[in-house]
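Asks: Could you look at this predicted model? Sequence included:
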Amino acid sequence: MPALEIAEKLSILADAAKYDASCSSSGVKKRDSRDGKGIGSTLGGGGICHAYAPDGRCISLLKVLLTNSCIFDCHYCINRKSSNVRRARFTAQEVVDLTLDFYRRNYIEGLFLSSGIIRSPDYTMEQIVEVARSLREDHDFRGYIHLKTIPDADPVLIAAAGRHADRVSINVELPTASGLQRLAPEKSQARIEGAMGTMRSAIEDGADARQRFRSAPSFAPAGQSTQMIVGADAATDRDIVSRAASLYERFDLKRVYYSAFSPIPDASTVLPLRRPPLMREHRLYQSDWLIRFYQYAPQEVSAAADPATGMLPLDIDPKLAWALRFRDRFPIDVNRAPREMLLRIPGLGIKAVDAIVAARRWRTLRLDDVARMTVSVKKLRPFIVTADWRPGALIDRADLRALVTPPATQLELFAA
Amino acid sequence: MRVVRLDREDDFDGWRSAARSLAGEGVAPEDIVWQIGDRAADLFADESLGAPPIASARPGASAAPLRVSRQFLELARDAALHSEPERFSLLYILLLRLLDQPQALQDAADPLIRRIEGLARNVRRDSHKMHAFVRFRELADDGGKRFVAWFEPDHHILRANAGFFVDRFTNMRWSILTPRGALHWDGAMLAEGPPASRTDAPGGDPVEAVWKAYYSAIFNPARVMPQAMLKEMPRKYWKNMPETALVPSLIAGARKRELAMIDQARGEPHGKTQRSGPDALVLLAEEAQECRRCPLWKPATQTVFGEGPHDAEIMIVGEQPGDNEDLAGRVFVGPAGAVFDRAMAAAGIDRARTYITNAVKHFKFEPRGKRRIHARPGSGEIEACRWWVEQERAIVRPRLVIAMGATAARSLTGRTVTVGRERGGAVVLPDGTPCWITIHPSYLLRLPPEADADAEFARYAADLHRAAESLAIAG
């Protein structure tokens, strides 16, 4: 391969990395460089999005592959062996320099490094670990590092990755085992899940050791996450929600990311040519939110899906869909109902619910008061009771769905 | 009238100590003018309050220090940085109220509290965007590398955010220049500078070209959502962010790039990639054996998938497998299949050269004693199974589709079709493929006794023939 300029290589290797949805730099403890020799800090809590691309996604990390050459032939993947995309490869040193150059200019929070598999899983993992090691040890870099680990790599290398990284991840790739078999014949669900299980124990052991000995090295303090592709296999939303719930539970994941399958250059003919509506991915993220923050059980989210097709509605959010299916739980009296019931009211977010809970200790809430604490009271009205408002028969009306469905807006420029 | 002179726009500590003593004296909000620096706020002010006395002058008031919650202090510290001129006065009104009702801050429905929380929220967002959107450019001077940024905050947040940048870029020399003032860090000490202008900052940095290359490459042209981008990165910040210059061309080029990918995929000859045509169908059929997209899989024996060459010109879609097909695992092998075979022969179409499948791939039935009676699939089941039909169509890419019966027509066209009215003709599917509509062969098995069975059969065969013939005419 002729020597490419850094920018040109970056174009290829970032282009190849963009199908990983995760760009989060959250979940770490606050740290800074005041007593260090290098640069870098992390905030407690959420990360920072340093830019937004026209696809609406946050750019927080330098997200690149070390190389887009790969010995595997996964059909949904732009980097598969049989694809004729241009190939490029960074040296570990080049990625280290690029990360520091971007970080110094305040473009990024850190690095998300992944790679195609070259030669062997161990060889590839070694290269990935070397980048992280050099950043941490040679440059005392204290920004965020997320490493994609390779299921079949030597546990010693995985352990080294965990020592340097804030977060590690292994992608489950597809929601169903049969889909994985068809589209990623060299991967196996059992091996992927086995690696995630090992990772979970390593993270827990690390946290445990840190509690007992302050000097113990930290191990991926921001935990592990995974990603699955939506719309490339036959999984319904119901299947996906229950798969995600089981992954969260078994592997103590911090996040499950969804990536709507999108056409890739030089696609394999095994793949569908049509992409699923992006709204589908959005609805899945919303249902993920309901489970993680709104105290819905996974079965409850599944119950919001159409019983025959197993799909969540695209025109309304899953919380509203749930409310419309279980109207007997409504209306909810905002002056009396417990917090977990307030969280079920469509259109009320967590902040609004907490504001209501605090405010109702001081006054009996009227519709105007609720309006001041929410974005739009119109959508909530059928579902709540206040001192001066009862929805009456509104909640039982057959056309309620039409009344509360938001008008179709142009959410994406080119809807599928 | 009391005039309080605060040192700077962001002099929260000055406000705090003045407010403490004024509240202790019981001074009403309307009797105070809050002035920043030496700028005269009110020409008729009669008394200047330089260093306010701490002791309380209010009769009966206790000498104990006034106590407010930490929550209020945090809120006030943020709100005080807002560019709203009234902010110090609003905070004082709220302070007096909290001294009377210490818990009043919990009342999120109160208009004054909402207003002040709104100010604090704007300030926090401005700070957050400053952390995100400051862009340093590298300079070389006598001391080595130095990084300089030009930023235009909406509020008086510069000094309050110095700590963030010192924490992060401790071992780097940097300056942040703004129209309201400047910060300089030399690796050990923080210094403040006077208001700056854009021309004081460097005009470029060679790494920006690399960063722009990254910005273009990380963007996925298959998903353009400018509204989502603008919500978090409003245009007012763009002028100081080099990458935003690319946005218009990225959006304009996106659709073209996506279509090019699809065209390329369509135009790709079979056999070029490792698993094209025939394998793709075999793999798809294997995956379909595990299908759980609708509940019909439970009572059925197996998924009955389509059959035929991967490059067939004609794809024929029926309704669903029947009793025989469910047991055999193959399409059209029962009584309706026999009628179908006869009609195909009469129409002069070679079954072996067509791809034949069903709209619904599991047998739906109602048990009646020992028999399983065919039941019509519902729209939900058709919809659930449509995914498979679309995959089959995407792989086979037939030049013509024939829908036999209302279920098949619904699956292919996505609408309710009255077969009696539309049979014998074609509708064009969204991708341009003609879809001919005819009856399902099982219809001929259930004709009422008075019907002319031969004529009905001939009409069915003629429908098939006309469809196939259209292909020959189209060339």
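Replies: That came through fine.

Asks: does B:R146 count as helix, strand or coil?
Replies: At B:R146, secondary structure determined by DSSP: H, G, I helix; E, B strand; the rest coil is strand.

Asks: so what's it up against?
Replies: Counting by C-beta atoms under 8 Å, 6 or more residues apart in numbering or on different chains, B:R146 makes contact with B:E138, B:L139, B:A140, B:R173, B:W174, B:S175. In this view, the C-beta of every residue, glycine as well, is placed from N, C-alpha and C.

Asks: Lowest-confidence one in those residues?
Replies: The member of the contacts of B:R146 with the lowest pLDDT is B:A140, and it reads 88.

Asks: bridging residues for the residue nearest to B:R198 when sequence neighbours are not counted?
Replies: The spatial neighbour of B:R198 that comes closest, neighbours along the chain excluded (C-beta to C-beta, 6 or more residues apart in numbering or on different chains), is B:W150 at 5.3 Å. Here B:W150 shows beta-bridge partners B:L177, assigned using DSSP bridges.

Asks: Compute the number of surrounding residues for B:W150.
Replies: Neighbour count of B:W150, defined by other C-beta atoms under 10 Å in any protein chain shown: 24.

Asks: Go ahead and confirm it touches B:A196.
Replies: Yes. Because the distance of 7.4 Å satisfies C-beta atoms under 8 Å, B:W150 is recorded as touching B:A196.

Asks: mind listing the strands in the stretch 1-150 of chain A by residue range?
Replies: Assigned by DSSP state E, counting those that start in this stretch, the stretch 1-150 of chain A shows strands spanning A:51-52, A:58-59, A:61-65, A:110-114, A:144-148.

Asks: and of these, who's closest to chain B?
Replies: Minimum separation from chain B across those (C-beta to the nearest C-beta) falls at strand A:51-52, 4.3 Å.

Asks: Can you give the strand pairings for that closest one, parallel or anti for each?
Replies: Within its sheet, and counting by DSSP bridges, strand A:51-52 is paired with strand A:58-59 (antiparallel).

Asks: got a list of contacts for the partner strand?
Replies: Where contact means C-beta under 8 Å, 6+ apart, the residues beyond strand A:58-59 that reach it are A:C23, A:C49, A:H50, A:A51, A:Y52, A:A53, A:I108, B:Y215, B:I218, B:E232.

Asks: any low-confidence regions in the stretch 1-150 of chain A?
Replies: Confidence mapping of the stretch 1-150 of chain A against pLDDT under 70 gives the ranges A:1-4, A:45.

Asks: Closest approach to chain B from it, which residue is it?
Replies: Each residue of the stretch 1-150 of chain A has a distance to chain B, by C-beta to the nearest C-beta, and the smallest belongs to A:G56, at 2.8 Å.

Asks: That residue and B:F219 touch, don't they?
Replies: No. With contact taken as C-beta under 8 Å, A:G56 and B:F219 are classed as non-touching, separated by 9.9 Å.

Asks: who's more crowded, the two?
Replies: When neighbours are counted by other C-beta under 10 Å, A:G56 and B:F219 differ, and B:F219 comes out ahead with 27 against 22.

Asks: Quickly note the distance from the more buried one to chain A.
Replies: According to C-beta to the nearest C-beta, to the nearest Å, B:F219 stands 4 Å off from chain A.

Asks: buried ones in stretch B:370-383?
Replies: The neighbour-count check on stretch B:370-383 (16 or more other C-beta atoms under 10 Å in any protein chain shown) flags B:R372, B:H374, B:P377, B:G378, B:G380, B:E381, B:I382, B:E383 as buried.

Asks: what about dumping the CA coordinates of it to PDB?
Replies: Output for stretch B:370-383, consisting of C-alpha atoms alone and laid out as PDB, is shown next (Å, rounded to 0.1, in the frame of the first residue of the first chain):
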ATOM      1  CA  LYS B 370     -58.900 -34.100  13.700                       C
ATOM      2  CA  ARG B 371     -58.700 -31.700  10.800                       C
ATOM      3  CA  ARG B 372     -57.000 -28.400  10.500                       C
ATOM      4  CA  ILE B 373     -59.200 -25.900   8.700                       C
ATOM      5  CA  HIS B 374     -57.500 -23.100   6.800                       C
ATOM      6  CA  ALA B 375     -58.000 -19.700   8.400                       C
ATOM      7  CA  ARG B 376     -57.400 -16.400   6.600                       C
ATOM      8  CA  PRO B 377     -54.300 -14.500   7.800                       C
ATOM      9  CA  GLY B 378     -54.900 -11.100   9.400                       C
ATOM     10  CA  SER B 379     -53.400  -7.900   8.300                       C
ATOM     11  CA  GLY B 380     -51.000  -8.000  11.300                       C
ATOM     12  CA  GLU B 381     -49.700 -11.400  10.200                       C
ATOM     13  CA  ILE B 382     -49.400 -10.300   6.600                       C
ATOM     14  CA  GLU B 383     -47.500  -7.200   7.700                       C
END
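
Asks: can you tell me the average pLDDT over that stretch?
Replies: Averaged over stretch B:370-383, pLDDT sits at 92.

Asks: ok, and what's touching it?
Replies: For stretch B:370-383, with C-beta under 8 Å, 6+ apart as the criterion, the contacting residues are A:306-309, A:311, B:294, B:296, B:319-320, B:322-323, B:326, B:359-360, B:363-367, B:385, B:407, B:410-411, B:442.

Asks: Stretch A:285-297 too?
Replies: Counting by C-beta under 8 Å, 6+ apart, A:237, A:241, A:244-245, A:248, A:256, A:258, A:298, A:300-301, A:304, A:312, A:317-319, A:322, A:340, A:343-344, A:350 sit against stretch A:285-297.

Asks: Repeat that for stretch B:285-292.
Replies: Everything outside stretch B:285-292 that qualifies as a contact, by C-beta under 8 Å, 6+ apart, is A:176-179, A:181-182, A:233-234, A:236, A:239, B:297, B:302-303, B:305-306, B:361-362, B:388.

Asks: How about stretch A:362-378?
Replies: Stretch A:362-378 is touched from outside by A:334-335, A:347-349, A:352, A:355-356, A:359, A:380-381, A:384, A:386-389, B:103-104, B:106-109, B:111, B:114, with contacts defined as C-beta under 8 Å, 6+ apart.

Asks: chain center to that stretch, what's the gap?
Replies: Relative to the mean C-alpha coordinate of its chain, stretch A:362-378 is positioned 32 Å out (C-alpha atoms, centre = their mean, to the nearest Å).

Asks: what comes up buried for it?
Replies: By neighbour count, and taking 16+ other C-beta under 10 Å as the criterion, the buried residues in stretch A:362-378 are A:W362, A:L365, A:L367, A:D369, A:V370, A:A371, A:M373, A:T374, A:V377.
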